[in-house]
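A.B. asks: Give the three-dimensional model of this entry:
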Amino acid sequence: MSYKEPTLLDFGTIGDSQIGYISVAEFPKNLPFEIKRVFWTYFTPNNIIRGRHAHKELEQILIAVTGTIWVTTENIHGQKKDFILDEPRKGLYVPTFYWNELKFSHNAVLLSLNSQPYNSEEYIRDYQEFRNYADKL
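C.D. replies: Below you'll find the model as predicted:
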């Protein structure tokens, strides 16, 4: 499983409304990479935009465990795409060199599955630097 652009993944559900549901993410069955790091964000004020960066090496899958998260992705050529994460059974795959911005509903919890451990050197945090990669890649 290899993707070149942000893609919604559907992990499906097991269970029913009487007992509840689970969704399973499992490499290589329905994940494009082995998970090396997991983090989650919560209590994010709904007037704050998070993200505002891209990665040189890291790939990630973003899941709204609860609430709604609006994600805008942009490639190095300026092409933008909007996604709404509002089901815990779905995740957004974000490949390398995609700028992302996230806006949260008041009760949203974001789960992030990552292909690499944290490395501050591989982040692109400056938007103009990010756009300059269009000439380099």
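A.B. asks: Please count neighbours and contacts with C-alpha atoms only from this point.
C.D. replies: Noted.
A.B. asks: Centre of this structure to the edge, which residue is at the far end?
C.D. replies: Within the chain, the residue lying farthest from the chain centre (CA atoms, centre = their mean) is Gln18, at 30.2 Å.
A.B. asks: can you confirm that residue is in a strand?
C.D. replies: No - going by DSSP: H, G, I helix; E, B strand; the rest coil, the assignment for Gln18 is coil, not a strand.
A.B. asks: Thr73 - how many residues pack around it?
C.D. replies: 22 (other CA atoms under 10 Å).
A.B. asks: Thr44 now?
C.D. replies: The burial count for Thr44: 17, using other CA under 10 Å.
A.B. asks: helix, strand or coil for it?
C.D. replies: Going by three-state DSSP: Thr44 is coil.
A.B. asks: Please name the residues that touch it.
C.D. replies: Counting by CA atoms under 8 Å, 6 or more residues apart in numbering, Thr44 makes contact with 104, 106-108.
A.B. asks: how about 10 Å then?
C.D. replies: Contact partners of Thr44, counting by CA atoms under 10 Å, 6 or more residues apart in numbering, are 50, 103-110.
A.B. asks: again with Leu113
C.D. replies: Contacts of Leu113 (CA under 10 Å, 6+ apart): 25, 31, 33-40, 59-63, 91, 93.
A.B. asks: In strands only, show me these.
C.D. replies: Taking DSSP state E, the ones among these that sit in strands are 37-40, 60-63, 91, 93.
A.B. asks: Out of these, which is nearest to Glu122?
C.D. replies: For the ones in strands among the contacts of Leu113, the minimum distance to Glu122 (CA to CA) is 13.4 Å, reached by Gln60.
A.B. asks: Please tell me I have it right and that closest one contacts Leu9.
C.D. replies: No - using CA atoms under 10 Å, Gln60 makes no contact with Leu9, being 11.7 Å away.
A.B. asks: follow-up on the earlier one: from the contacts of Thr44, which two are the most distant?
C.D. replies: Farthest pair in these (CA to CA) is Arg50 and Asn107. Separation: 14.9 Å.
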